[in-house]
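> sequence first, predicted coordinates after that:
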Amino acid sequence: DTEVTQTPKHLVMGMTNKKSLKCEQHMGHRAMYWYKQKAKKPPELMFVYSYEKLSINESVPSRFSPECPNSSLLNLHLHALQPEDSALYLCASSPRDLGAYEQYFGPGTRLTVT
Amino acid sequence: KQEVTQIPAALSVPEGENLVLNCSFTDSAIYNLQWFRQDPGKGLTSLLLIQSSQREQTSGRLNASLDKSSGRSTLYIAASQPGDSATYLCAGTLNDMRFGAGTRLTVKP
C-alpha cells in the first residue's frame, strides 16, 4: 500500500466554524507533512512531524493546529479561518524526516472559507 | 533559503515530440531533487527522485538528470502524448522541500 489518503475531499466552512482535515498512511512512514497550495502556485510547507513530534512549524497562524495522534494519522484542526485561507491542503509522508527520502502526497482537501 | 526556478512557465507541443523541462536551484547542497506531476485540482504524483549522489533517473519515457555543481535538473519526456498534459513541478530538499512554480505542459493531439 503506497497510498496517502485525505478526507474530506472538499470542505466549505464559515469563518466561525471549527473543522478538521484528516490524513492517513499505512506505509510505516515516520515523517508526515502538511502543505498549503493556492491556485496556480506551488505547495508551501506548513508543518512537519517526525516520529509523532512536531519538528517544523513554518510560522503558520495559530488558527491552524496540527496533531499527530499516532504514526499513521495526521490531523489539521481549523478554527476561525479567513477567506484567504481557501486553498488545496496537501498531506505527504516519507520514511524519515526529509533528507534523502521520497515524499508521497495525498490527493488533497479543497477548502473554501466563506 | 533555497530558491527553485522552473523554465518555461508554460509549454505547448504537438503529440509525439520530445521535450525538456528545466529546473534550477540555488543551493548545491541539496539532498535530493524530486519531479512531480499535478493534474488540475489534484494532488502531486511523484515521477522521479534523484539523490544528491546520482546523475540521472529513468522511468519509462521519462528521464531526469541532476547537475549539482551548476544547480540544474532537467526532465526529458520522450514521444509526448496528450495524457502527459499536466503541470510538472520540481522540488529540491535541503532543510525542507522547496518547490518551483511549475511548467504547465499541453500536448496537442
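Structure's in. What do you need? Numbering: from 1, shown residues only, chains lettered A, B, ... in the order given.

> pLDDT below threshold where in chain B?
By pLDDT under 70, chain B contains no weakly predicted segment.

> please, where are all the strands along it?
Ranges of strands in chain B, per DSSP state E, are B:4-7, B:10-14, B:19-25, B:32-38, B:44-51, B:56-59, B:62-67, B:72-77, B:86-93, B:97-99, B:103-108.

> in TSV: those, plus distance to A:Leu21 and mean neighbour count.
In this view, the C-beta of every residue, glycine as well, is placed from N, C-alpha and C. Shown next, in TSV, are the strands of chain B (distance: least, C-beta to C-beta, whole Å; neighbours: other C-beta atoms under 10 Å in any protein chain shown):
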stretch	distance to A:Leu21	mean neighbour count
strand B:4-7	26	18
strand B:10-14	31	12
strand B:19-25	29	19
strand B:32-38	19	23
strand B:44-51	16	19
strand B:56-59	31	14
strand B:62-67	31	19
strand B:72-77	31	20
strand B:86-93	21	24
strand B:97-99	19	22
strand B:103-108	27	17
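
> of the ones you listed, which approaches A:Ser65 most closely?
Minimum separation from A:Ser65 across the strands of chain B (C-beta to C-beta) falls at strand B:97-99, 22.0 Å.

> what sits up against that closest one?
A:33, A:42-45, A:98, A:103, B:1-4, B:25, B:34, B:89-92 (C-beta atoms under 8 Å, 6 or more residues apart in numbering or on different chains).

> nearest to chain A: which residue in chain B?
B:Phe99 (3.6 Å; C-beta to the nearest C-beta).

> tell me which parts of chain A are close to chain B?
Neighbours of chain B within chain A, by C-beta under 8 Å from any C-beta of the partner chain: A:6, A:33, A:41-45, A:48, A:56, A:58, A:88, A:90, A:92, A:98-108, A:110.

> bridge partners for residue 13, pull those for me.
This is for chain A. Here A:Met13 sits in beta bridges with A:Val113, as judged by DSSP bridges.

> wait, chain B was what I had in mind.
B:Val107.
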